[in-house]
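J.: just need the structure, nothing else, for what follows:
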Amino acid sequence: MARTAATQAAAKATRTPPASKRAASKRAASKREAPAAPASSPPLAERLADALAQLRAAASASHRDGLARYAIPTERAFGVPMASIQAIAKRLGRDRELAEALWGSGWYEARLLASYLDDPAEVSAAQMDRWGRQFDNWAVCDTVCFALFDRSPHAWRKIEQWAGRRDEYLKRAAFALLASKTVHEKAAPDQAFLHGLELVEAGAGDERNFVKKAVNWALRSIGKRNAVLHAAALVVAKRLAASEEAAPRWVGKDALRELSSAAVIARVAAKAARAPARKAVAKAPRKNK
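T.: Modelled structure (predicted):
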């Protein structure tokens, strides 16, 4: 929704808006996506009980039973579809205190909901480590990384740190974060992702299923970002595909299959064609009113 409004505004504008207006626009978009909780909110215990009640009301036994097919533990799960969790998050709005309480409850869906209620700008490095050590399935790991952690100012440092960890889900989180960055951080320099490819190559030898799939995800995502990174990712994918070891060979071959596809090549070429036009608009002199 916010992206559509921004696109329409850009089409009507004759010059790039001042930095103050751009910052205000981003703040407004953030508020629209996750409205702040009311200033006079009820006590935390009441807010927590209400959030858990909303999750239980949206649950179904069939959805809960289906989680097991995706290797998600069901002992502490209600059985709530993701669309319902996101709808509840929109109703509740930003609430760091509630997010922490939901995380502490240990319920699967409560932890997913927490990732939408927390404020990424306020997330500390210590909180990322603490939550990361408690990841016990790929879905919570990926959702927290994609919806919350990748917008934290500590994200790049955690990618570097976690990529070398032994813990399965913490190591997965490093590459889930890296893949998420390719989508959400439009202004990140290519150099950051070129270094990410080094981490991918170093981590590709991990044979654990949830790690190697995240490594593969990061490799494919980097390769789809732009022409420079596409070329670099292809080099890494080909090198991994030629490995004598099973894990890196699978990572490389699977990534190579997608990155060499006609659809991805066309997508990267289209991005390259649009890039000069965007630069020209950015450099155009401002017109005096």
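J.: residues touching residue 101, list them.
T.: Residue 101 makes contacts with 44, 47, 48, as judged by Cβ atoms under 8 Å, 6 or more residues apart in numbering. Backbone N, C-alpha and C define where each C-beta goes, glycine included.
J.: who are the neighbours in contact with the second one?
T.: Contact analysis of residue 47 by Cβ under 8 Å, 6+ apart lists 37, 41, 92, 95, 97, 98, 101.
J.: again, 7 Å this time
T.: Residues near residue 47 by Cβ atoms under 7 Å, 6 or more residues apart in numbering: 41, 95, 98.
J.: setting the sequence-adjacent residues aside, check what's closest to the first one.
T.: Take residue 41 and drop its neighbours on the chain: the residue closest to it by Cβ to Cβ, 6 or more residues apart in numbering is residue 47, 6.4 Å away.
J.: which element is the one you found on?
T.: Assigned by DSSP states H and E, residue 47 belongs to helix 44-57.
J.: tell me how far that helix is from the chain's mean position?
T.: 26 Å (Cα atoms, centre = their mean, to the nearest Å).
J.: again, but for stretch 91-102
T.: Distance, stretch centre to chain centre, for stretch 91-102: 19 Å (Cα atoms, centre = their mean).
J.: just stretch 232-239 next, same as before
T.: 23 Å.
J.: what do you get for stretch 154-163?
T.: On the basis of Cα atoms, centre = their mean, stretch 154-163 sits 14 Å off its chain's mean C-alpha point.
J.: so for that stretch, mean pLDDT?
T.: Stretch 154-163 comes out with an average pLDDT of 98.
J.: for it, buried residues please.
T.: By neighbour count on 16 or more other Cβ atoms under 10 Å, the buried set for stretch 154-163 is 154, 155, 156, 158, 159, 161, 162, 163.
J.: stretch 76-86 now?
T.: By 16+ other Cβ under 10 Å, the buried positions in stretch 76-86 come out as 77, 78, 79, 80, 84, 85.
J.: need the max-distance pair from those residues.
T.: The largest separation in the buried residues of stretch 76-86, counting by Cβ to Cβ, is between 77 and 84 at 13.2 Å.
J.: residue 77 contacts residue 63, doesn't it?
T.: No: Residue 77 is beyond contact range of residue 63, at 9.0 Å (criterion: Cβ atoms under 7 Å).
J.: ranges for the helices of the stretch 51-200 of the chain?
T.: Using DSSP state H, counting those that start in this stretch, the helices of the stretch 51-200 of the chain run over 61-67, 82-92, 96-105, 108-117, 125-133, 138-147, 155-162, 168-184, 190-203.
J.: which residues sit against the last one?
T.: Residues from elsewhere that reach helix 190-203 (Cβ under 7 Å, 6+ apart): 156, 163, 175, 178, 182, 211, 215, 218-219, 222, 225, 228-229, 232-233, 236, 240.
J.: for PyMOL, write the select line for the buried members of these.
T.: Command for PyMOL, covering only those of those found buried under the criterion 16+ other Cβ under 10 Å:
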select buried, resi 156+163+175+178+182+211+215+218+219+222+225+229+232+233+236+240
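J.: so which of the contacts of helix 190-203 sit within strands?
T.: Among the contacts of helix 190-203, DSSP state E puts none in strands.
J.: mind checking which of the contacts of helix 190-203 land in helices?
T.: Mapping those onto helices (DSSP state H) picks out 156, 175, 178, 182, 211, 215, 218-219, 222, 228-229, 232-233, 236, 240.
J.: and those, which is closest to residue 268?
T.: Ranked by distance to residue 268 (Cβ to Cβ), the ones in helices among the contacts of helix 190-203 are led by residue 229 at 8.7 Å.
J.: contacts only, for the closest one.
T.: Listed by Cβ under 7 Å, 6+ apart, the contact partners of residue 229 are 190, 193, 222, 223.
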